[in-house]
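Enquirer: pasted the sequence and its predicted model underneath.
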Amino acid sequence: MTLAVLPGTYDPITLGHVDIAVRAGRLFDEVVIGIAHNSTKSPLLDVETRARLAREATAHLEGVRVEVIDGLLVHFCERVGATVIVKGLRGGADYDVERPMALMNRSLTGVETVFVTGDNALSHIASSLVRDVARHGGDIDAYVPAGVAEAVRSALDAA
């Protein structure tokens with residue numbers, strides 16, 4: 001059985017993320033969506049909210065589960081028994097960012113990274129853009145799974 005980890009900050013989870021989870025589910029027996037604490041980012045949503053929203057957004061996907069990553073991704077992979085990391089790519093800029101991380105992860109523990117190209121119709125969707133649109137009062141419902149837009153609006157109202 002091949003278990004893959006699909007890591008990310010998911011702040012918030014988008015339809016693009018769900019698309020990559022669907023595609024990864026076709027390639028691997030089990031997919032763990034890993035909700036990461038990213039020390040270089042200041043998330044809008046707390047990690048438990050991000051995990052809950054990801055669970056709700058992927059509940060219909062067989063073989064996909066959500067867990068929170070504490071510490072290094074490669075150590076998380078070892079803990080859950082994953083031999084593969086899956087990263088979604090929207091374009092060349094994503095590859096330029098992801099390639100060095102893939103090489104580092106492989107050098108640390110031997111875990112390989114597989115790049116999956118997302119649906120072109122969703123390639124313009126990024127969590128950072130979704131947050132920015134929401135901050136300025138724009139409608140984000142078309143870019144995120146059900147329930148996510150309300151959670152983002154609530155977090156912005158509380159901030």
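Expert: Yep, that arrived.
Enquirer: can you tell me the strand partners of whichever strand or helix holds residue 68 and which way each runs?
Expert: Here residue 68, judged by DSSP states H and E, is contained in strand 64-69. Strand pairing for strand 64-69, using DSSP bridges, gives strand 30-36 (parallel).
Enquirer: state the mean pLDDT of the strand it pairs with.
Expert: For strand 30-36, the mean per-residue pLDDT is 97.
Enquirer: now what about it, what contacts it?
Expert: Residues outside strand 30-36 that contact it (Cβ atoms under 8 Å, 6 or more residues apart in numbering) are 1-10, 17, 21, 24-25, 47, 50-51, 54, 58, 61, 63-69, 73, 76, 80, 82, 86. Yep, even glycine has a C-beta here, placed from its N, CA and C like the rest.
Enquirer: and the angle for the next helix or strand after that strand with strand 30-36?
Expert: Later in the chain than strand 30-36, the nearest helix or strand by DSSP H and E is helix 47-58. Inter-element angle recorded for helix 47-58 and strand 30-36: 150 degrees (by axes from the mean of the first three to the mean of the last three Cα atoms, to 10 degrees).
Enquirer: what is helix 47-58 packed up against?
Expert: Where contact means 3 or more Cβ pairs under 8 Å, 6 or more residues apart in numbering; DSSP states H and E, helix 47-58 is packed against helix 15-27, strand 30-36, strand 64-69, helix 148-158.
Enquirer: re earlier: who are the packing partners of the very next helix or strand once past the strand holding residue 68?
Expert: On the C-terminal side of strand 64-69, the closest following helix or strand by DSSP H and E is helix 73-80. Judged by 3+ Cβ pairs under 8 Å, 6+ apart, helix 73-80 is in contact with strand 3-8, strand 30-36, strand 64-69, helix 92-109.
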